[in-house]
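>>> 3D model of this:
(chains A, B, C and D)
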Number of protein chains: 2
Amino acid sequence: MNEAITHFKVPVEREPREACLGPDGSVAHVTRILRMITGRWKLPILFRLFAEPSMRASQFMRDIPDISQKMLTQHLRELEYDGLVARRDFGEQPPRVEYGLTVAGRGLMPVLMAMREFSKHYPKCPTDDDER
Amino acid sequence: MNEAITHFKVPVEREPREACLGPDGSVAHVTRILRMITGRWKLPILFRLFAEPSMRASQFMRDIPDISQKMLTQHLRELEYDGLVARRDFGEQPPRVEYGLTVAGRGLMPVLMAMREFSKHYPKCPTDDDER
DNA sequence: CGGCATCCCTTATGATACTG
DNA sequence: CAGTATCATAAGGGATGCCG
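Numbering: from 1, shown residues only, chains lettered A, B, ... in the order given. Purely as a prediction, here's the structure:
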């Protein structure tokens, strides 16, 4: 009873999301990067560290308006986890912790710059030559 | 209810956080791009259109596993709103609608490729030279 | 100073059923 | 085939208080 007449959907083994991933698993790769830099305060933090090699939590709080300490810590942790930011605890009293970009973090900046340039090139939705 | 088809949340322009915007308002610009390509199915759609110049809704449904029709339409609308994708309704019966990348959409691809390359370059969190 | 925990709200995303 | 409408749930974000 494993014959041809399939009146039903043959268990078409769905590829493990392999499809639609684009060349070289582009989608997966880009998604990974997006996850790393997506977050209400990820960019402000990264760009701040790009300008200032070493930053303390209190400095971020001062330089980034409206950010809460919770979100600051949380996003710093995520960035650290993703290897973009390095955390350095001096183990002093009172506490002293400094943050900085990792090699990867610095390597990411050019990509962000590319995104910025693209944004500049398309100030608004180019309603003119929108035809495919 | 004779309004435009706004199936999605119109980008509620966040407050003009002038500060911490980085050089040239980098943060704002990059954030804008991120907002355009962030979404569970934005990348699969874009990369699919990059490979296939013209796509119909049903094709997306076939090529992108697990995507629901609602999300497909919603994300296509958003991409269209942001000027990355062009929608072409042939006004036929039965319905025939085709989607394709706009000039801006095609211009974005190199940026996405750059992100992919970066991802490849840092396969994992580079725990070696993480020091600032 | 830095950081963690809790409660709560706004969105993003999903499941499902329906229309032209 | 393409798209709409509703309801339900998950994830992101924010306010606040306590700790070493």
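
>>> spatially central residue for chain A, please.
When CA atoms, centre = their mean is applied to chain A, the residue found nearest the centroid is A:Ile37 (2.0 Å).

>>> just want the angle from the strand or helix carrying A:Leu108 to helix B:103-121.
Using DSSP states H and E, A:Leu108 sits within helix A:103-121. Relative orientation of helix A:103-121 versus helix B:103-121 (axes from the mean of the first three to the mean of the last three CA atoms, to 10 degrees): 180 degrees.

>>> quick check, pLDDT for the residue nearest to the centre of chain A.
Predicted confidence (pLDDT) for A:Ile37: 97.

>>> which residue is the nearest non-sequential neighbour of it?
A:Leu43 (6.5 Å; CB to CB, 6 or more residues apart in numbering or on different chains). Placement of C-beta: from N, CA and C, glycine included.

>>> run a quick check on that neighbour versus B:His29, I expect a contact.
No: the pair A:Leu43 / B:His29 is not scored as a contact, 9.6 Å apart, by CB atoms under 8 Å.

>>> between those two, which has more neighbouring residues?
Ranked by neighbour count (other CB atoms under 10 Å in any protein chain shown), A:Leu43 and B:His29 place A:Leu43 first, with 24 against 21.

>>> give me the next element, helix or strand, following the helix or strand hosting that one.
Element membership for A:Leu43, per DSSP H and E: helix A:42-51. Using DSSP H and E, the next helix or strand after helix A:42-51 towards the C-terminus is strand A:55-56.

>>> re earlier: look up how far B:Ile67 lies from the residue nearest to A:Ile37.
28 Å (CB to CB, to the nearest Å).

>>> for A:Val30, same thing?
17 Å.

>>> in chain A, where is pLDDT below threshold?
A:1-20, A:123-132 (pLDDT under 70).

>>> could you pull out the strands in it for me?
A:55-56, A:85-89, A:97-101 (DSSP state E).

>>> for the helix holding A:Leu108, name the packing helices and strands.
On a contact count with 3 or more CB pairs under 8 Å, 6 or more residues apart in numbering or on different chains; DSSP states H and E, helix A:103-121 meets helix A:26-37, helix A:42-51, helix B:26-37, helix B:103-121.

>>> tell me which residues of that helix come out buried.
Judged by neighbour count using 16 or more other CB atoms under 10 Å in any protein chain shown, the buried positions of helix A:103-121 are A:103-106, A:108-109, A:111-116, A:118-119.

>>> same question for stretch A:52-60.
Buried residues in stretch A:52-60 (16+ other CB under 10 Å): A:Met55, A:Ala57, A:Phe60.

>>> first-to-last residue distance for that stretch?
End-to-end distance of stretch A:52-60 (CA to CA, to the nearest Å): 10 Å.
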